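[1] Build me a model from this:
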Amino acid sequence: MEIRPAGERGHTQWGWLDSWHTFSFGDYHDPEQMGFRALRVLNDDRVQPGQGFGTHGHRDMEILSYVLEGALQHKDSSGGGGVIRPGEIQFMRAGSGVMHSEYNHSKTEPVHFLQIWVVPDREGIAPRYDQKRFPDDEKRGRFRLVGSSDGRDDSIVIHQDVQLFAAILNSGEKVTHPLRSGRKAWLQIIRGAIEGNGLRLSAGDGAAIENEPLVTVSAEAEGAELLLFDLP
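    Alright, predicted model coming up:
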């Protein structure tokens, strides 16, 4: 288990945007941090009121936005669009090419969200948009599947052999997830502090987990929130 401490991430500060990069992104480049397996980007973004990312293009990437506070407005050339709030995940398949924009929907309050990119298992797929709500109650005390290759349990369909789980834990609560032979995991802490496979992690920390049969997480305080990526 290799920890990626929050304070060692790349940092971009553009006035309207405050972004921490777990992996290389934009002007931040570290050849030792180019992603983990199919997980390519994990940005922790805060956008000021009324500001955002103007229309720009992407292709051949599965892109998810996980909103923590505020509201994020999305629009893309595939016809997808909407306002995403806490408890919701927005998904955009860039595929063969798509133009899109993201803005803070509020003129008075900042928006805080995670931007996640997963490399698809093939290129040139038709673009697609999806948006789903996963209430906190479904994530309390358990790993709730929110993204998968087959869309089971009403999860978002990701064109890659990946499972994405979200959990919210109270103090002392413990959850486990088995890893099949050859599978890897990435654990990302959103809020609070936890113990993961015997090591302490707090908000913003991530960890690569390899050659382990089980991921075990226990919360050290109320309201710990985390994501778990089960990866090929």
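[2] three-state assignment of residue 153?
    helix (DSSP: H, G, I helix; E, B strand; the rest coil).
[3] Please name the spatially closest residue to it (chain neighbours excluded).
    Nearest residue to residue 153, sequence neighbours excluded (CB to CB, 6 or more residues apart in numbering): residue 145, at 4.8 Å. The way it works is simple: take the backbone N, C-alpha and C, and place the C-beta from them, glycine included.
[4] Which residue lies nearest the spatial centre of this protein?
    In the chain, the centroid-proximal residue (CA atoms, centre = their mean) is residue 116; its distance is 4.3 Å.
[5] thinking again about what came up before, average pLDDT for the one helix or strand the residue nearest to residue 153 maps to, rounded please.
    Of the helices and strands defined by DSSP states H and E, residue 145 is found in strand 144-148. Averaged over strand 144-148, pLDDT sits at 98.
[6] on that earlier part again, which SSE is the residue nearest to the centre of the chain in?
    strand 111-118.
[7] Residue 61 against residue 40, yeah?
    Yes - between residue 61 and residue 40 a contact is recorded at 7.3 Å, counting by CB atoms under 8 Å.
[8] what is in contact with those two at once?
    Among the neighbours of residue 61, those also in contact with residue 40 (CB atoms under 8 Å, 6 or more residues apart in numbering) are 117, 118, 119.
[9] So which residues make contact with the strand holding residue 145?
    64, 89, 91, 132, 134, 138, 152-153, 155-158, 162-167.
[10] can I have it written out in CSV, keeping just the CAs?
    In CSV, the C-alpha atoms belonging to strand 144-148 read as follows (Å, rounded to 0.1, in the frame of the first residue of the first chain):
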residue,chain,number,x,y,z
ARG,A,144,-22.1,1.7,-2.5
LEU,A,145,-21.4,0.8,-6.1
VAL,A,146,-21.7,4.1,-8.1
GLY,A,147,-19.8,3.1,-11.4
SER,A,148,-19.2,-0.1,-13.2
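[11] Distance from the chain centre to that strand, please.
    Here strand 144-148 is found 11 Å from its chain centre; the criterion is CA atoms, centre = their mean, to the nearest Å.
[12] Can you give the strand pairings for that strand, parallel or anti for each?
    strand 156-157 (parallel), strand 163-169 (antiparallel) (DSSP bridges).
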